[in-house]
Structure formats: C-alpha cells, structure tokens
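Enquirer: build me a structure from this.
(chains A, B and C)
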Amino acid sequence: MAKSHKPVVWFPFAAGGTVIAFCIPVIVLLTFLAALGHVPAGLSYEKLHAFAAGGIGKLVLFGVIALSAWSSAHRLRCTCYDFGLRADTLVATVLYVAAIVGSIAAALFLLRI
Amino acid sequence: MSRKPLVRECPPTTWYFRQPRYLRYMSREITSIFVGAYCVLLVVGLQRLAAGPAAWEGFLLALRSPASIVFQFLCLIAAVYHAATWFNATQKAMPLQIGEDFVPGNVISGAHYAVWILLSLVVMFFAGVF
Amino acid sequence: MTPLKERLVQLEVLRYNPDTDTEAHFQRYEVMCQEEWVVLDALNKIKADIDPTLNYRWSCHMAVCGSCGMMINGEPKLSCHAFLRSYEGVIRVEPLAHFPIERDLVTAPDDFMEKLKRVKPYVIPKEEKPISEGEYKQTPAQLMKFRQYSMCINCMLCYAACPQYGLTPSFIGPAALTLAHRYNLDSRDGGRKERMEVVATKEGVWECTFVGACSEVCPAHVDPASALQQLKIVGSIDWIVEHLIPGGKS
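Expert: Okay, here's the model as predicted:
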C-alpha cells in the first residue's frame, strides 16, 4: 500500500485546530457581547473597518477564517464517518469545497474593504 | 480441529453509546459543527462590513436576535471546549525532552493555557472591552 | 490474624462453543470469593468448582504477560488486575471487543499478530557490524526517548478500546503503530524509512482520530495515543519533504 496523501488535509487541520483553540473563543466572546447589547468599541464600524483595511488585519482575519473553516470541515468529515455515514468521498468533497469557497469569499470581501 | 471464530460487528451508527469516553470524544468532534457554522457567520460579517456602515449596523442588530444569542452561546461553549481538549493534547503530540527527562506534560499544556489567556486578554483590550 | 472476608459474587460470562453454537450467550455464575480477589480468581474458582468447560486465557496473574484481557462491565481490562471490590452487583465478563471469539472468553489474535509483523518491531541496525566491534551503545537520554513505548505487553486492550479499529478492521491499530514509533525513536535503529512505508498509509496512522481510549485502558501506561499523534506529525513532515522540497524525494 502506497503512502497516503492525508498530510495535505491533516496539516491545515492541525494548524486550524491550533488557531481555533487560541483565537475563536475570544472572537466569539466579542460577538456574544455585541449580541447581548454591549458592543465592544472595537466592533464599531470605524474601528473594525480600519483594522480590516490594513494589510496585517486582512492577513489575520483571512488566516483565522480560512484555517478554522478548513479544520472544522475536516473534523466534520471524520465525524460523519463516526456517525456511520460511509459516503466519505462525497462528504469530504462537499465539506472541503465549502471551506475553500468560504475562504475565497472571505478573501474577496476583505479585498473590498 | 477446525476453527469457527465468531465475529461480533462494531455497530457503525451507535458504537459511541458503549462507553462514556466515546461520548466525550464525540462531543469534542461535534464542536466542529459550531465552529464551522460560526465561520459562516464571520464570512457574512465581513461581507456586511465591506458593504458599508449601514449594513454593518444592521449586522450588529441582527446579532441581538434571541436565536443568535443562543447560537453564539453554544459556539462559545464549543470553542472553549475545543481549546481545552486541544491544549490538553499538546503534551502528547509535542513532548519535550531536556537531557534524560521529559518536561512534565502539565507544564506543556499549562504553558498553552497561559498563552491562550494572555492572548485573549490582549485581544479584548484592543477590542475595547476594558 | 483476622479471617479473610468472603463475598458471594455474581458473574455473567459470555459463552460461545464453536462446535455447537451459532450465537454467543451469557451464562450466570454465583461463586463465593474473597474480598481482595480479582475477576481472574473468580473465573478460576468457577472453572475449578462449578464449570470446567469455561475457557479463557491467563498466565502470570500479575499484569505482566498480557494474556488475560477481557471486557469487564464493558471496559477492556486485564482480569488479573480487575479487583472484585471495585464492582457492585453482577459483573459482566466478555471476550475482548473487536476480535473474533474463538471460544468463550478466548479471542483470535491473528489480525494483531499479522499487523505487528508488518511494522517491523525490532531494531534494524543503521549499519551491521561484527560482534568483535562491540555493542551498539546508547546513552540514558537516548533510552528515555523511547522507553515508555517499549513497555507494551501486547495485551490488545487498546485494540478492544479503539472504535476506529472496530469500525475499520484494516487499521493497523494502536499497539503496533506505537511499537513502530518506539523503534523509529531508537538511536541504534535505521529502519524508520521502511517502517513509515507501512505506518504512513491510509491503513496506518491516518485512520486514527485521536479518540484517546487506547491510552486510558493501557495497563502498562504506554500512552499509544501520544505515539500516534507524534507519528502523524512525523508523517506530515516526511510528506512535505518528499513532495514540496526539491530533491527531497531521495
């Protein structure tokens, strides 16, 4: 049996898992505060737009979204298998394509800011 | 003597009810549903941000719906649970040997927790939470 | 000396006779045991006093040989290491999960044995040298690097705990992959490349989703889950070197 190409999908999964662990909880906390009516100053249009307009801001936002999306897509693929859904190729294609489309959309929106 | 081994199949759709640790594993894996859905929210947010101040204000207002509050609360729990399981795993994936001895696993995971809390506080500070 | 405390223990044991049965069934036994006994003692008492047809494997009675693995109340355990005082009510004893049942509590380990062979769990010297040149030396630090992973007693509890092995029986599985990692980490070894040809396949480490059950049930504290996570990182770095770095293929 030949060596597997799984690292292609696993490496970004592992990177994304790390990004989710470090970054997503605090980002959710910020939008959750906004949802509760206490919008943090940084989520005002001016502040956030200024952040996303900068090169570093774009890179950070894109990196977090793309890697988190890929990581959760990959984990969801494994979870589908764990739940007994055996159409792995179909599941993998749908989820990975969704993650890539989401990342491209995020990049396009960022470039418009 | 002929052999006639009895094969007992692992039930493909219900196996995780067999042991509590499997349910713990599945709950870790299911966090990906919430994180994935939250990524969709983030992409929508970027679209709204790119569309101008009025669109962004509308997005912030939409966040305040009861469904959104429940959704984000669940996402928060999922994200924190994912973070804890991830940091606990770091000591297994990346052991550190200095001389003969290995650095205790709790130190490796603990360092990740410390950086995480620090990073979160820094982000909250720059986001103007306090 | 205080008299030893006795206790009537009820066991529900899975029976299967390949000569007459098409299905396995539970059989209930009641046996007087001493409080500090283990499940294996209770089985021995049943076999001696009640039912000599009961089949199971055991040897050392001290958690070293790895022969007496069974599912005890659904949990993979060495029956010589499962103390009766930890259980209340009827104790359910079944053969190790995910392995074919040969007879009663005896399972067929053929699949594990074949996988063990495939990962070449022995030192493949970097360069052969005659005995006259002396031994292959190793520092204590080099030994400590893999020592934990060399403690495996091949009891197969990790296979009985691993749902991915149960769901996908072609998975090489925790113990064999951990032993591959153990020899990869050995400073005297030069066989990493040929082992990775087996380890880094779809049936190898990539079938693992880090459930972590293997490490929780391991009676020798080997922590197979950690070995497999490290193998995934090694395998990923290998892949990058082989495919993305010019000249890395050799």
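Enquirer: what's the spatially most central residue of chain B in contact with, if anything?
Expert: For chain B, the residue nearest the mean C-alpha position is B:His82 (2.5 Å; CA atoms, centre = their mean). The contact partners of B:His82, by CB atoms under 8 Å, 6 or more residues apart in numbering or on different chains, come to A:17, A:20-21, A:24, B:28, B:31-32, B:35. Placement of C-beta: from N, CA and C, glycine included.
Enquirer: please repeat the previous calculation with a cut-off of 10 Å.
Expert: Listed by CB atoms under 10 Å, 6 or more residues apart in numbering or on different chains, the contact partners of B:His82 are A:17, A:20-21, A:24-25, A:71-72, A:75, B:28-32, B:34-35.
Enquirer: those: which ones sit near chain C?
Expert: On the criterion CB under 10 Å from any CB of the partner chain, A:75, B:28-29 are the entries of the contacts of B:His82 that sit beside chain C.
Enquirer: list buried residues within these.
Expert: Neighbour-count burial (16 or more other CB atoms under 10 Å in any protein chain shown) applied to the ones next to chain C among the contacts of B:His82 gives A:75, B:28-29.
Enquirer: hmm, C:Lys77 is touching C:Gly69, no?
Expert: Yes. In this structure, C:Lys77 sits in contact with C:Gly69. The criterion is CB atoms under 10 Å, and the distance is 7.1 Å.
Enquirer: so the two - more neighbours on which side?
Expert: When C:Lys77 and C:Gly69 are compared for neighbours, C:Gly69 comes out ahead with 30 against 25, by other CB atoms under 10 Å in any protein chain shown.
Enquirer: next, count neighbours for C:Glu35.
Expert: There are 12 residues near C:Glu35, going by other CB under 10 Å.
Enquirer: just the pLDDT at the residue nearest to the centre of chain B, thanks.
Expert: According to the predicted model, the pLDDT of B:His82 comes to 98.
Enquirer: which SSE is it in?
Expert: Taking DSSP states H and E as the definition, one finds B:His82 inside helix B:66-93.
Enquirer: now do the contacts for C:Ser226.
Expert: Going by CB under 10 Å, 6+ apart, C:Ser226 touches B:89, B:91-95, B:105, C:148-149, C:178, C:181, C:210, C:212, C:214-215.
Enquirer: and chain A, which of the residues you listed reach it?
Expert: Of the residues in the contacts of C:Ser226, proximity to chain A by CB under 10 Å from any CB holds for B:89, B:93, C:210.
Enquirer: in ChimeraX, how would I select the buried members of the contacts of C:Ser226?
Expert: When burial is assessed using 16+ other CB under 10 Å, the buried subset of those is captured in ChimeraX by this command:
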select /B:89,91,92,93,95,105 /C:148,149,178,181,210,212,214,215
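Enquirer: tell me the helix or strand right after the helix or strand hosting C:Cys214.
Expert: Assigned by DSSP H and E, C:Cys214 falls within helix C:213-217. The element immediately downstream of helix C:213-217 (helix or strand, assigned by DSSP H and E) is helix C:224-244.
Enquirer: around chain C, which positions in chain A sit nearby?
Expert: Residues of chain A lying near chain C (CB under 10 Å from any CB): A:1-11, A:13-14, A:75, A:78-79, A:81-82, A:84, A:86.
Enquirer: do that again at 7 Å, thanks
Expert: By the criterion of CB under 7 Å from any CB of the partner chain, the positions of chain A lying close to chain C are A:1-4, A:6-7, A:10-11, A:78.
Enquirer: pLDDT weak spots in chain C?
Expert: Per-residue confidence for chain C (pLDDT under 70) gives these ranges: C:1-2, C:249-250.
Enquirer: which parts of it are strands?
Expert: Read by DSSP state E, chain C holds these strands, from start to end of the chain: C:6-15, C:25-34, C:69-72, C:75-78, C:91-95, C:101-103, C:106-107.
Enquirer: got it, and chain B?
Expert: For chain B, applying DSSP E gives strands covering B:97-98, B:101-102.
Enquirer: setting aside sequence neighbours, what's the nearest residue to B:Leu42?
Expert: Excluding the flanking residues, the one nearest B:Leu42 by CB to CB, 6 or more residues apart in numbering or on different chains is A:Ile65, at 5.3 Å.
Enquirer: that'll do, ta.
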